[in-house]
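Novice: what follows is a predicted protein model with its sequence.
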Amino acid sequence: MASLLNNYHFCTSLYLLLIYFITTTITTTSASASASFRPKALLLRVSKDNSTNQYTTKLIQRTPSISLTLTLDLGTQFLWLNCGKRYVSSTYRPVYCGSPQCTLANTKTKTCRTCPAAPKPGCNKNTCRTLSIHNPITNKSPTLGSELATDVIRVNSTNGATPGQLMTIPNFLFVCAPKSLLHGLAKGVSGVAGFGRTSKVSLPTQFSSSFHFPNIFALCLPPNPLYYGDGVIFLGDGPYIFAPGGTGTTVDLRSKLSYTPLIVNPFRTSEYFIGVKGIKISGKDVPINKSLLSIDSKGYGGTTISLLHPYTIMETSIFKAVTTAFDNQLRDGSFPTKRVAPVAPFEVCYEAGSIPSTRIGPVVPHIDLVLQSEDVLWTLAAPNLVVRTNMNKADCLGIVDGGKKPKSSIIIGGFQIEDNLLQFDLVKSRLGFSSALIYDRIGCSYFNVP
C-alpha cells in the first residue's frame, strides 16, 4: 500500500509540473505586450451573419498579420483554421509528437504524421495531430485528423469601458484543418473559435493563462445586423460598462446578473448545461414531464446553451405544452390575434400586425425558465420570443420542435440570448445571465468595440 501511495504522489507531482511547464510555454506573452502592463481583460467583436444566423468574431493572426473571421461555438474545444496554400507566416510552428503542447491538447502520439515534402503548414514531419476536431454544423471530421501548430495571435485589451492596446500572444495553439471542413460555415469564415467548457486549449483558457486573469468570459450577442451594430465578448471578470441610451450615464452590467450553476454532462463535457427545473408563462406553471429536464445515464436530456442553433429547441412534449400555453394566454388577452399557417421552422405563427407592440417589442406573454429555485428565473422576454418572417407577413414564436428523443431536451438558441449578457464563470462553474437589456435602454451594440 505504501508503494502505491508513493507512486500516486510521484505521478501527481509530475502531472502538476508538466501542466505548469505547458501553460508557461505555450501562453507566454510577448515583449511587445509591455512587461509593465498586464491586461485584466480582453475584447472581441461579435457579428451576426444574416444568411446563416451564425455569430462570428475576428482575430489577428500570423506574421505578417492578417485578420481572420471565425464562427463562434460554445462546444468546440479548439481554435481551428483552414491551412491551405495561402497560409503564410514566419511565426508558424508545428507541434511535434511527445511535446508538452501535444500532451496538453490530449492527443495521441500514434496519430503523428510523416510527410515526404518540405515542412509547410498542414503537413510536417512527426507532427502532433488531433482526431477530435470536427465541423460543428455538419459534424464531419477529417479522416486522418488535423495538425496542431502555434502562431502569433493579437487581440485588444480593455478596462471594461473602452478598448485598450493590442496585446500579443506569440505561441497560441490551434488546429490546422483542411478546407473541406469549412462546409456549412458562414461565407468568408476561416474556421471556428472554440469556447468549449472543459478544454485546456480553448480560446478563453489560453487567453486567461497568457495574462493570468480568471477564466471567465461574457457574451453579448447582437440582433439583426441590418439594423444594429456589433456585439462584444469580454474575456475576464469585467467590469462590463455600457451606456444606456439617452441617459448620459453608464452601468456595470455585472449588477444585472443572476447566477445559476453550470452542470457537467459526463458524455458532453465541452458543452454548457444548466439546471432548468420548470417553465412558467406569465407566472403560471407549464405542465411538463420534468424528468426530461435531467441528464440521464446515457447523457440525454437536460438544458444546454448553443450559438449554432438560431432558435430555442424543445423536446416534442415540452414544445407542445409551452406553445399551447403561450397561444392560450396570448389569445385570451384583450387584443385579438389571428393564427396563420406555420412558417418553417416555426409552428406557432400569427398574422403580422395582429400582435400589439410597444417601443420594447411585441406585447406577448414572457417565458420563465425556473432554475435551481423559484427565486431564480431566467426570463425570455418579448423581444427574444417573436420572429418576423415570411416576407414580414407573419409573427412567429421563435421556438422549434426538437423531436421525441433529442440529445438535449432544451437547447437555448442564439435568438433567445441576443441583447442579453451571459457570463460563463469557469472558476466558480456558474452562469451569470441578465435577461433582456432593452428594458434598461441597453443593447449589446452599445459598447465601442474596435
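Specialist: Great, that's in hand.
Novice: need the contact list for residue 180.
Specialist: Applying CB atoms under 8 Å, 6 or more residues apart in numbering, we find residue 180 in contact with residue 142. The way it works is simple: take the backbone N, C-alpha and C, and place the C-beta from them, glycine included.
Novice: state whether it is indeed within a helix.
Specialist: Yes. Counting by DSSP: H, G, I helix; E, B strand; the rest coil, residue 180 falls inside a helix.
Novice: need the pLDDT of the residue positioned nearest the centre of the chain.
Specialist: In the chain, the centroid-proximal residue (CA atoms, centre = their mean) is residue 74; its distance is 3.3 Å. Looking at residue 74, its pLDDT is 97.
Novice: residues near the spatially closest residue to it that is not a sequence neighbour, how many?
Specialist: Of all residues not flanking residue 74 in the chain, residue 195 sits nearest, at 5.1 Å (CB to CB, 6 or more residues apart in numbering). For residue 195, the neighbour count with other CB atoms under 10 Å is 26.
Novice: and if you look at residue 248?
Specialist: Quick note: residue 248 (other CB under 10 Å) scores 7 neighbours.
Novice: mind checking what secondary structure it has?
Specialist: Per three-state DSSP, residue 248 ends up coil.
Novice: ok, now which ones touch the residue nearest to the centre of the chain?
Specialist: So residue 74 contacts 195, 196, 197, 271, 272, 305, 306, 307 (CB under 8 Å, 6+ apart).
Novice: quick revisit: tell me the spacing between the residue nearest to residue 74 and residue 447.
Specialist: Look at residue 195 and residue 447: by CB to CB, to the nearest Å, they are 19 Å apart.
Novice: would you mind finding the longest strand in this structure?
Specialist: strand 163-177 (DSSP state E).
Novice: hmm, back to that, correct me, but the residue nearest to residue 74 touches residue 206?
Specialist: No. If you go by CB atoms under 8 Å, residue 195 and residue 206 don't touch, sitting 11.0 Å apart.
Novice: low-confidence ranges in this structure?
Specialist: The chain contains residues with pLDDT under 70 at 1-36, 106-125, 225-227, 246, 334, 390.
Novice: before we move on, the earlier item: list the contacts for the residue nearest to residue 74?
Specialist: 72, 73, 74, 76, 202, 203, 204, 217, 424.
Novice: and of the contacts of residue 74, the nearest to residue 384?
Specialist: Using CB to CB, residue 305 is the member of the contacts of residue 74 that sits closest to residue 384, with 13.4 Å.
Novice: elements contacting the strand or helix carrying residue 323?
Specialist: Assigned by DSSP states H and E, residue 323 falls within helix 316-331. Contacts defined by 3 or more CB pairs under 8 Å, 6 or more residues apart in numbering; DSSP states H and E place helix 316-331 against strand 278-281, strand 394-397, strand 399-401.
Novice: and those strands as a markdown table, adding distance to residue 378 and mean neighbour count?
Specialist: Shown next, in a markdown table, are those (distance: least, CB to CB, whole Å; neighbours: other CB atoms under 10 Å):
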| stretch | distance to residue 378 | mean neighbour count |
| --- | --- | --- |
| strand 278-281 | 10 | 20 |
| strand 394-397 | 17 | 24 |
| strand 399-401 | 14 | 22 |
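Novice: so which of these is nearest residue 233?
Specialist: Nearest of those (CB to CB): strand 399-401, 25.6 Å.
Novice: strand partners of the helix or strand just after the closest one, parallel vs antiparallel please.
Specialist: Note on strand 399-401: by DSSP H and E, the next helix or strand toward the C-terminus is strand 410-412. Partners of strand 410-412 in the sheet, by DSSP bridges, are strand 303-305 (parallel), strand 312-314 (antiparallel).
Novice: how about TSV for those strands, with mean neighbour count added?
Specialist: Converted to TSV, those look like this (neighbours: other CB atoms under 10 Å):
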stretch	mean neighbour count
strand 303-305	24
strand 312-314	26
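Novice: return the subset of the contacts of residue 74 lying in strands.
Specialist: residue 305.
Novice: returning to that earlier point: adding distance to residue 222, write the helices and strands packed on helix 316-331 out as JSON lines.
Specialist: Shown next, in JSON lines, are the helices and strands packed on helix 316-331 (distance: least, CB to CB, whole Å):
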{"stretch": "strand 278-281", "distance to residue 222": "27"}
{"stretch": "strand 394-397", "distance to residue 222": "21"}
{"stretch": "strand 399-401", "distance to residue 222": "21"}
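Novice: tell me which of those strands sits nearest to residue 151.
Specialist: The nearest among these, by CB to CB, is strand 399-401 at 38.7 Å.
Novice: packing partners for the closest one?
Specialist: Using 3+ CB pairs under 8 Å, 6+ apart: strand 399-401 touches strand 312-314, helix 316-331.
Novice: redo the ones you listed as a markdown table? Include distance to residue 153.
Specialist: Below are the helices and strands packed on strand 399-401 laid out as a markdown table (distance: least, CB to CB, whole Å):
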| stretch | distance to residue 153 |
| --- | --- |
| strand 312-314 | 33 |
| helix 316-331 | 41 |
